[in-house]
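Engineer: Let's see this in three dimensions:
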Amino acid sequence: MKCDNMKLSRVLIVIVLFVAFFEVGLMSSYTIVTSEVPDVQGLIDMQVEKITGIFNSQSVNDVLVKDPTPINITNEQEVALSIENLSNVDGVDLETMNITTYDDTDVEEFNVTIESNAFDSPNSTSSQIVISQDPSYKVVSQGIARYVNGELNVDPDSIKITSILRLY
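Structural biologist: Here you go, the predicted structure:
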């Protein structure tokens, strides 16, 4: 029993020394980098905030891998036109438009992710105009879906382009 207490106290001392040396190193490196006296309370608060943020229930839920829920909407053409205008592409393929959410769909309003293929403008600098069936871009956007008269619609004004990827 006495031996177990000694091992436990040694482990605790090592942990305390590790934390103390870490903090001293943090304060000295802060002084070297900024050439200012460190705000000890501010640095400790920042560390505590970051550590508690890791174990926050929202962060844990975001880390858990779950499949998005596919969504069917009734205003696909309005959404496609909005994406087309915002991303400056020549057209959006309605057949490849994929709308998903990680949010609860039983609420009146929730966030959706819209992925769609888009087409480039025809090349008019040469003597030939080439119209291609192959999409040139993949556009990823975010929007807000709402139930209107029992139908699910994505508000075209809420759409924001997240990324435009060039397809080769």
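
Engineer: residues of the lengthiest helix in the chain that come out buried?
Structural biologist: Ranked by number of residues, the top helix in the chain under DSSP state H is helix 2-34. Across helix 2-34, burial judged by 16 or more other CB atoms under 10 Å covers 27, 30. C-beta coordinates here come from the backbone N, C-alpha and C atoms, glycine included.

Engineer: Centre of the chain to it, how far?
Structural biologist: 35 Å (CA atoms, centre = their mean, to the nearest Å).

Engineer: Where in the chain is the helix or strand with the lowest mean pLDDT?
Structural biologist: None of the helices or strands of the chain scores lower by mean pLDDT, DSSP states H and E than helix 57-63, at a mean of 61.

Engineer: Leaving aside the residues adjacent along the chain, what's closest to Thr113?
Structural biologist: Nearest residue to Thr113 in three dimensions, chain neighbours excluded: Thr100, at 5.3 Å (CB to CB, 6 or more residues apart in numbering).

Engineer: Dig out what that neighbour forms beta bridges with.
Structural biologist: Under the criterion DSSP bridges, Thr100 forms beta bridges with Pro70, Thr113.
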